[in-house]
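Student: Have a look; sequence and predicted model below, questions after that.
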Amino acid sequence: MSTQELLSQIDTLQKEGAQKLLQATNQGELEAHKGEYIGRRLAALYGQMRSVPGPDKKAVGQALNAAKTTLEESLNQRLSSLKKEQRQQELKARAVDITLPARRPSIGHLHPIRQVQQELVGIFQKLGYSVVEGPEVETDWHNFEALNFPKDHPARDMQDTFFLWGDLLLRTHTSPVQIRAMLGQKPPVQVVMPGAVYRHDSDITHSPMFHQLEILCIDEGITLADLKGTLLTFVEMVYGKGTKIRLRPSFFPFTEPSAEVDVSCVFCAGKGCRVCKFSGWIEILGSGMVDPNVLINCGYDPEKYTGFAAGLGIERIAMLKYGVSDIRLFFENDTKFLEQF
Amino acid sequence: MKISISWLQEYLSGPILASEVARKLTEQGIEVEGIEEIGKEISGVFAAKIVSARPHPNADKLSLCTVDDGKERDEVVCGAKNWKVGDVVPFAKVGATLPGGITITPKPLKGIESRGMLCSEKELGLSEEASGLWILPPDTTPGTDIAKAVRDTVLVLGVTPNRPDCLSHIGVAREIAAAFDLTLKMPEAPLIEHKDKNEDHCKVLLEETEGCPRYAARIIRGVAIQPSPLWLQRRLQAVGVRAISNVVDVTNFVMMELGQPLHAFDLHCLAKQTIRVRRAESNEKLKTLDGQERTLSDNGNVDLVIADAEKSVAIAGVMGGLTSEVTNETKDILLESAYFHPSWVRKTAKRQRMHTDASHRFERGCDPDGVPFAQDRALSLMQQLAGGEVLSGRVDAYPKPIPKQQIALRAARVRQVLGVDAPQNLSPLGLVKLDQSEAQTLWEIPNFRPDLEREIDLVEEVARLYGIDQIPARVPKMSMTTEPAKELLSPVTEVQKLREAARLAGLSEAVCYAFCGSDVVAKIPWPEGDQRAQPVRLANPIADDLDVLRPSLLPGLLLSVARNQRRQRGAVRLFEIGRVFLPREGVAPAETLRFSAIIAGEEARWWGKDAPDFFWVKGLVELLFGALFLPSPSARAASLPFLIEGAAAMISSQEHLVGEIGELHPEVLERFEITGRAFWLSLDIHSILQLTKPAITFKELSRFPAVTRDIAMLSEQSLTWEAVARCIEETRSTMLQEISLFDLYQGPNLPAGHKSMALSLTYQSSEKTLTDEEVQASHDAICKALVEKLQIKIR
């Protein structure tokens, strides 16, 4: 074979081989072409080197090396593109409908009473109050006597009571915790007391069990003005800046003076609506200055120490907040109800 | 308490507006719960005399009445029966309007046209009285405009129990006078007295002076019992009291006017015209005005009674007896005006389950000094309306007059409590200034204000008059050293963590009543001797199915799950954090805070079934412990009859029992009508919070490679994982870092009663790269121990 012929064959092999390799549709075909062009035919042409005349050796050698490089490059190029295609194929199978529901137990829901309780407790914690609790089965002394409800006084009719035996009863309010808190420490006292309370009463707005939250603040120099400031801060934290409060004198045996506290209606900004019965105000709290008799019953000197207490019904706040009109729904634990909170 | 504005006006020196009165009363602490406009919706209704009547030809129950309103006559169909020809009644003429937007049109009734309508009190919106026509007093002039006669505004007051004085028009007028700077005008009680003396015609024996500190009796002779005039009927109607007859109406009128309950006895029904105020005798009985026979003493509880020389005739301060009632034939009356002790009346009223206008006032405290005036005021009105002669003098048994209190009010105290210097003039409220210095004022308290006993009570009066809403707001400066008693501190932070963890695990929070039914508790098979089987009873449950305090959160949660299933709510996963109550001998029940949950029902999802099982619940326990940064507790097989044997465990940690878990027994579920499987978890929160959090000590991370070796082993089915793990740990291989169970198989292809477990053991050293030989030696030792001690086969 003349050198000319040989160079022509090398050129043909290079072109044909490169094309075949680049056009291989899968790895098997690529391997086959590799064997054919690089393994067999290129090797055969290298074998011809021996019979190439001396002066031509260099040119042929260069042509062969160039062909080899081209073929190997083509091979590698196709190999990596085939791998890429294959990876793409594989990944296509991993694509998902990302809008499908997540795979986990559905997240549950916290009871609205507990959510409201937690929010309110949290606010008073920020204001420096410690959270304390007392028993739900109380003695008559803690629930009534120490709180200045004399025996056989009509004030007791305000709180229809469940009795156990002896002088034990279910607490009708969280106020006995005030007594326990005062007996358990020296002033100053600054505590918030959430908890379940019980009254012999049941209808659409009264439940025999409900929840209250109460605060007590005692120190030297605490006045009604401090009560008012604290309550104003509290309602602003719950209902936002600009919420107003209104105090109306009232009667609770354990505070004197006593006041009911209204907030400006959060639904109509005080303009008047159905929720506030067109008064612009919603009653949410009972409060007052701790009665000196209560301080004396707890061993505090009422001439030295003064303080205030305030309490609210958690269900009432929750009913207002979420627009629930029947208190009994809170205790049915219907999951369709709970899911809404 | 209802207050009529037009009535109130009679006691005030200047005009008042209902809306202003309502606002001011609210500001002064007398809550206005409602405002009723009376007669506003009535027009075209006039007094008319029934001049003749004939039966309706087509209906037995109807009559045809011809009425005369002074101008013309109309024939009206009437269904009522309580009238007679000659009565004056309210007549709604054609074109009249009545409450509720009713307009009267000529209307045929059973074939005869009715030219208008004769009205009951209810139809006019005056009271609930609907049993017949409102028979107007006979002297009512036909043609009187009824709307004009009845028009009034009534305030419904929520009077707090400390203010008995405001259970009367005079008391409320006093508040209004103080608020608007008006003068209070007391009514007058002119009497024409007969020369005969009371003391010669009746006797009062006051035998129980604690229960009755003061008893006054006066006689009026020769009264004519008849219907009250329209003005008096209107006054009573406006405040919700039914008019009966002039004498009885006057006693009610004076009670509503002055707050002093009175009682009129028919003098001749009192044996020997004697009043004895005494304790009831044993087994003494009395038929009261409401027709009920009452036992006046039992088990050492003794009512105070008013008796004559022979028998009891009234329950003091509560209700009169039938035998001495004033009737149409009554001529001579003994009028009682007394001051009964509040707690005596209250005890009796509670025991007899009677709550009357009289007892309501006596138990809150009437004015002992107001007794004679109220008596005279009533007698004066009786004389005007019923004629008769009032005997002179008064039989007034008042052996130990109740003194008026004197209270000093210090200006500094006002400032200390209110935070402002508010003016301290309490005279408008009826208090009398006895003495005044720079530092304090001495006040005499009238006896109609029993709530004013201490200086602080006067501070409150100062605040009320100043306007409690006028006091400036200030945020307290606290010394930050407040330290509540440890045992009272609430674990809010930890409880909130548990609640959050449970929520994220897919549970929703329940809140159940703390009481439940003893029958419901009894449906659950508690372990032998378990205290939960003996729940604490309530003495006065609100319902039979809520008669005990819950000994566990289980009953409430079971009922909640059942309720959800009845409402087809699918899978129900509920937890509750709440107190349970267990009995203790002689002391209050033990209250413990628990976290409990029921996981019921499975959910079909697109990826398969979400079906909880024992290990789901066991995982939940570990999750909850993890939320509190506590290591996982251990589970010990337990036998709890309400759980399935073999799928029940007690949970303990650091040697303390902290809870129980398991699958609820199908029989229990059936009793609660719950379908499907359900799992139970209950933890004692306080016990968990007592656990010590392990101290964290850092261990250097190993730089050397770890080697993993697997073991596949065949064993008896009864071999527990715990036994396997313990056996491996007992070999004390220092290289062993981790054991994990990665496969568990029981089923076909295995010998009966066997199971196959596949474990993966990880070996690593912190000092060097382990050689194959070192790992193999350790692994072989472990396999050997397993084979020898647990009789397993390595596969």
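Tutor: Good, I have the coordinates. Bear in mind the structure is a predicted one, so any value in this text is a computation, not a measurement.
Student: okay, CA-based contacts and neighbour counts for the rest of this
Tutor: Fine.
Student: In a helix, B:D435, correct?
Tutor: No - assignment of B:D435 by DSSP: H, G, I helix; E, B strand; the rest coil gives strand, placing it outside any helix.
Student: And stretch A:30-37, end to end?
Tutor: Start-to-end span of stretch A:30-37 (C-alpha to C-alpha, to the nearest Å) is 10 Å.
Student: If we go by neighbour counts, what in it is buried?
Tutor: A:30, A:33-34, A:37 (16 or more other C-alpha atoms under 10 Å in any protein chain shown).
Student: pLDDT averaged over it, what's the number?
Tutor: When pLDDT is averaged along stretch A:30-37, the result is 91.
Student: and that stretch, how far from the chain's centre?
Tutor: 62 Å (C-alpha atoms, centre = their mean, to the nearest Å).
Student: likewise stretch B:55-67?
Tutor: Averaging C-alpha positions (C-alpha atoms, centre = their mean) puts stretch B:55-67 50 Å from its chain's average.
Student: And for stretch A:267-275?
Tutor: Chain-centre distance of stretch A:267-275: 30 Å, with C-alpha atoms, centre = their mean.
Student: now stretch B:491-507
Tutor: Distance of stretch B:491-507 from the chain centroid (C-alpha atoms, centre = their mean) equals 32 Å.
Student: and it with chain A, contact?
Tutor: Yes - using C-alpha under 8 Å from any C-alpha of the partner chain, stretch B:491-507 reaches chain A at B:492, B:499, B:502-507.
Student: Output those residues in TSV, with pLDDT appended to each entry.
Tutor: Output for these, formatted as TSV (pLDDT from 0 to 100):
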residue	pLDDT
B:V492	93
B:R499	97
B:A502	97
B:R503	97
B:L504	95
B:A505	94
B:G506	93
B:L507	96
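Student: Among the buried residues of stretch A:30-37, which are located in strands?
Tutor: Counting by DSSP state E, no part of the buried residues of stretch A:30-37 is found in strands.
Student: ok, these vs chain B, which is closest?
Tutor: The shortest gap between chain B and any of the buried residues of stretch A:30-37 belongs to A:L30, at 39.6 Å (C-alpha to the nearest C-alpha).
Student: For stretch B:421-429, buried residues please.
Tutor: Neighbour counts over stretch B:421-429 (16+ other C-alpha under 10 Å) mark B:422, B:424, B:426, B:428-429 as buried.
Student: which residues sit against that stretch?
Tutor: Identification of contacts with stretch B:421-429 by C-alpha atoms under 8 Å, 6 or more residues apart in numbering or on different chains yields B:174-175, B:177-178, B:411, B:414-415, B:432-433, B:461-463, B:466.
Student: And for stretch B:444-463?
Tutor: In contact with stretch B:444-463 (C-alpha under 8 Å, 6+ apart) are residues A:256-258, A:291-292, B:162-165, B:365-370, B:404-409, B:413-414, B:417-418, B:422-426, B:430-434.
Student: and B:I577, what does it touch?
Tutor: By C-alpha under 8 Å, 6+ apart, the neighbours of B:I577 are B:499, B:511, B:593-596.
Student: Then A:R328?
Tutor: By C-alpha under 8 Å, 6+ apart, the contact set of A:R328 is A:203-205, A:207.
Student: before we move on, back to that, which ones among the buried residues of stretch B:421-429 lie within helices?
Tutor: Counting by DSSP state H, the buried residues of stretch B:421-429 place none of their members in helices.
Student: Can I get these in JSON lines including pLDDT?
Tutor: Formatted as JSON lines, the buried residues of stretch B:421-429 follow (pLDDT from 0 to 100):
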{"residue": "B:A422", "pLDDT": "92"}
{"residue": "B:Q424", "pLDDT": "91"}
{"residue": "B:L426", "pLDDT": "96"}
{"residue": "B:P428", "pLDDT": "95"}
{"residue": "B:L429", "pLDDT": "96"}
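Student: Just give me the closest of the residues you listed to B:P55.
Tutor: Among those, B:L429 lies closest to B:P55 (C-alpha to C-alpha), at 60.1 Å.
Student: picking up where we left off before, just the buried ones out of the contacts of stretch B:444-463, please.
Tutor: Buried among these by 16+ other C-alpha under 10 Å: A:256-258, A:291-292, B:162-165, B:365-370, B:406-409, B:413-414, B:417-418, B:422, B:424, B:426, B:430-433.
Student: so how many other residues sit close to residue 209?
Tutor: Assuming you mean chain A. Using other C-alpha atoms under 10 Å in any protein chain shown, A:M209 has 20 neighbouring residues.
Student: Chain B is the one I meant
Tutor: 17.
Student: residues in contact with it?
Tutor: B:T209 touches B:P399, counting by C-alpha under 8 Å, 6+ apart.
Student: how far away is it from chain A?
Tutor: 19 Å (C-alpha to the nearest C-alpha, to the nearest Å).
Student: ok, back up a step: and of the contacts of B:I577, the nearest to B:V88?
Tutor: B:V511 (61.4 Å).
Student: Now the closest one: which helix or strand?
Tutor: Using DSSP states H and E, no element contains B:V511; it sits outside every helix and strand.
Student: Nearest residue to it in space, please, no chain neighbours.
Tutor: A:F331 (5.7 Å; C-alpha to C-alpha, 6 or more residues apart in numbering or on different chains).
Student: Check B:A600 too.
Tutor: Distances taken as C-alpha to C-alpha, 6+ apart place B:A678 nearest to B:A600, at 4.1 Å, with adjacent residues excluded.
Student: Would you mind confirming that that neighbour makes contact with B:L664?
Tutor: Yes - if you go by C-alpha atoms under 8 Å, B:A678 and B:L664 touch, sitting 5.6 Å apart.
Student: can you pull the contacts of the closest residue to B:K285 other than its chain neighbours?
Tutor: Closest residue to B:K285 apart from its sequence neighbours, by C-alpha to C-alpha, 6+ apart: B:T295 at 4.6 Å. For B:T295, the contacting residues are B:283-286, by C-alpha under 8 Å, 6+ apart.
Student: next one: phi and psi at B:T295?
Tutor: As for B:T295, its main-chain torsions (degrees, to the nearest 10) stand at phi -90, psi 130.
Student: Now the phi/psi pair for B:S632, please.
Tutor: Taking degrees, to the nearest 10 as the convention, B:S632 sits at phi -60, psi 140.
Student: how close does the nearest residue to it once chain neighbours are set aside get to A:P194?
Tutor: Here the nearest residue to B:S632 in space, its sequence neighbours aside, is B:E622; by C-alpha to C-alpha, 6+ apart that works out to 5.1 Å. In this view, B:E622 and A:P194 are 29 Å apart by C-alpha to C-alpha.
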